[in-house]
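> Next comes the sequence, and after it the predicted model I'd like to discuss.
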Amino acid sequence: MPPAPTQGLLSLFYQYDQDGGCFWGDPGFVIARYFPTDQELVRTEQPESVDIGDPIPLKFIGGVDLPEFSAFIDKPKVIDWPLGIDLAKTYEEIRRSWHDQNDYLFGYPTNHTLGYDPTPDAGWRSLLTLETDEDLQWYWHDGDTLVTFIQTAKLATGDFSEIRADAG
């Protein structure tokens, strides 16, 4: 895991528009607020004009993550992949057995329908990956996955001022 704050509260917020006018690729679609442990926090009720449900706390546990061979099994995502396509299905079965959470912090970015790696550029890494969840009323790109990214250097300093997102 990269250097990151080990204490404090990280809150992420995404734009919500009942009419679907928000786009997950727009700057600011997901924003983060990090509060160090030395900062006193006071719970504040949401304004009446914001009626999209209660906050949802998530708890993460440690695990192992391997990159997907390919979203489509016919072409490796990793350049110079040491495995042939004939081993791709076996590799993906092993990967899924180790990667049993659909929502996760850090790890490798994943997607269902994107035909490309959603990582913005070198120097960026996956921050939070969330699957569509009907119970939580999270719908990303017609039932796919939302992946968020942060620059590795900013993560190390606790600077969550720029988050990028993609879905698919």
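On my side now, so go ahead. Residues are numbered from 1 along each chain as shown.

> okay, CA-based contacts and neighbour counts for the rest of this
Noted.

> okay, and the helix or strand of this protein with the least pLDDT?
Every helix and strand of the chain was ranked by mean pLDDT, DSSP states H and E. The lowest is helix 88-98, at a mean of 80.

> List the buried residues of that helix.
Neighbour-count burial for helix 88-98, counted by 16 or more other C-alpha atoms under 10 Å, picks out 88, 91-92, 95.

> a markdown table for those residues, including distance to residue 148?
As requested, those are exported to a markdown table (distance: C-alpha to C-alpha, whole Å):
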| residue | distance to residue 148 |
| --- | --- |
| 88 | 26 |
| 91 | 25 |
| 92 | 23 |
| 95 | 21 |
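
> so which of those residues comes closest to residue 34?
Nearest to residue 34, judged by C-alpha to C-alpha, of the buried residues of helix 88-98 is residue 95 at 31.3 Å.

> contacting residues for the closest one?
65-68 (C-alpha atoms under 8 Å, 6 or more residues apart in numbering).

> okay if I get these as a markdown table plus neighbour count and secondary structure?
Written out in a markdown table, the entries for these read as follows (neighbours: other C-alpha atoms under 10 Å; DSSP: H, G, I helix; E, B strand; the rest coil):
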| residue | neighbour count | secondary structure |
| --- | --- | --- |
| 65 | 16 | coil |
| 66 | 15 | coil |
| 67 | 14 | coil |
| 68 | 20 | coil |
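
> Of the residues you listed, which pair is most distant in space?
65 and 68 (9.1 Å).

> anything in contact with each of those two?
Going by C-alpha under 8 Å, 6+ apart, residues that sit against residue 65 and also against residue 68 are 95, 108.

> Could you report the neighbour count for the closest residue to residue 30 other than its chain neighbours?
Once flanking residues are discounted, residue 30 sits nearest to residue 14: 4.3 Å by C-alpha to C-alpha, 6 or more residues apart in numbering. Residues lying near residue 14 (other C-alpha atoms under 10 Å) number 13.
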